[in-house]
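# heads up, no residue letters with this:
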């Protein structure tokens with residue numbers, strides 16, 4: 001068994017949105033919705049200001065609140081830990097959208113819910129997600145948390161600090177933010193979302 005996860009080094013992220021563009025292209029995401037977006041937050045007081053660029057997407061939680069609310073079972077956790085959706089089973093009720101505390105799901109124009117799936121079609125072939133391979137600053141790491149030699153495990157061990165988005169919710173997110181300039185949960189939630 002494996003637990004696929006991602007880490008993003010916020011000290012290296014420049015907010016270029018190459019990851020978001022790669023995601024849209026790779027997964028044919030319709031105009032007007034996003035699987036991945038960049039939240040821009042200004043931290044500090046003038047003249048000592050820092051802009052934090054924080055990519056956000058599905059966090060592939062250990063305890064995903066979206067899964068148990070699905071009436072058809074189209075939302076599920078794969079054996080590799082990726083939280084997935086079977087579009088053909090989805091009835092478009094939006095229960096999982098409401099249950100997700102990270103606003104990571106959207107209604108596809110074709111009537112089913114969609115979200116980041118870590119580019120499962122690439123992962124199944126031993127490739128990295130498109131957002132990881134496209135990042136010009138190499139701020140994204142991906143791999144199996146149960147493999148100490150995976151890129152994500154190495155990145156987590158080498159980070160000065162590791163933060164989770166809203167850790168108090170008990171969802172067990174598997175998207176880790178490394179080297180953030182400020183404490184998560186205290187700043188950044190009011191930041192501007194861009195795609």
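Ah, there it is. Since the model is a prediction, treat every value here as computed from it, not as a measurement.
# Please, which helix or strand holds residue 98?
Per DSSP states H and E: residue 98 is located in helix 95-99.
# Quick check: mean pLDDT of that helix?
Average pLDDT, helix 95-99: 98.
# How about residue 62: what's its closest non-neighbour residue?
Leaving aside its chain neighbours, residue 62 sits nearest to residue 172 (3.0 Å; criterion: Cβ to Cβ, 6 or more residues apart in numbering). Any C-beta I mention is one placed from the backbone N, CA and C, and that applies to glycine too.
# Help me confirm that the one you found is found in a strand?
No. Counting by DSSP: H, G, I helix; E, B strand; the rest coil, residue 172 falls outside a strand, being coil.
# gap between the residue nearest to residue 18 when sequence neighbours are not counted and residue 64?
Nearest non-adjacent residue to residue 18, counting by Cβ to Cβ, 6+ apart: residue 134, 4.9 Å away. Between residue 134 and residue 64 the computed distance is 26 Å (Cβ to Cβ, to the nearest Å).
# What's the local residue count around the residue nearest to residue 62?
14 (other Cβ atoms under 10 Å).
# May I see the buried residues of the helix holding residue 98?
By 16 or more other Cβ atoms under 10 Å, the buried positions in helix 95-99 come out as 95-97, 99.
# Spit out the contact partners of the residue nearest the centre of the chain.
By Cα atoms, centre = their mean, the chain has its centre lying nearest to residue 57, at 3.1 Å. Contact analysis of residue 57 by Cβ atoms under 8 Å, 6 or more residues apart in numbering lists 23, 35-37, 104, 115-116, 131, 175.
# Apply 6 Å and report the result again.
Counting by Cβ atoms under 6 Å, 6 or more residues apart in numbering, residue 57 makes contact with 35-36, 104, 116.
# Save those as CSV, and put in distance to residue 148 too.
Formatted as CSV, these follow (distance: Cβ to Cβ, whole Å):
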residue, distance to residue 148
35, 29
36, 27
104, 28
116, 25
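# pLDDT averaged over the longest helix seen in the chain - what is it?
In the chain, with assignment by DSSP state H, the single longest helix is helix 18-27. Mean per-residue pLDDT for helix 18-27: 97.
# For that helix, name the packing helices and strands.
Other helices and strands packing on helix 18-27, by 3 or more Cβ pairs under 6 Å, 6 or more residues apart in numbering; DSSP states H and E, are helix 130-134.
# starting at the chain centroid, how far to the helix or strand that the helix it packs on is followed by?
Downstream of helix 130-134, the next assigned helix or strand under DSSP H and E is strand 140-144. A distance of 12 Å separates the centroid of the chain from that of strand 140-144, by Cα atoms, centre = their mean, to the nearest Å.
# tell me the angle strand 140-144 makes with helix 18-27.
Counting by axes from the mean of the first three to the mean of the last three Cα atoms, to 10 degrees, strand 140-144 lies at 50 degrees to helix 18-27.
# Now do the buried residues in the helix or strand that strand 140-144 is followed by.
Per DSSP H and E, the first helix or strand lying C-terminal to strand 140-144 is helix 151-158. Residues 151-153, 155-156 are the ones in helix 151-158 that count as buried (16+ other Cβ under 10 Å).
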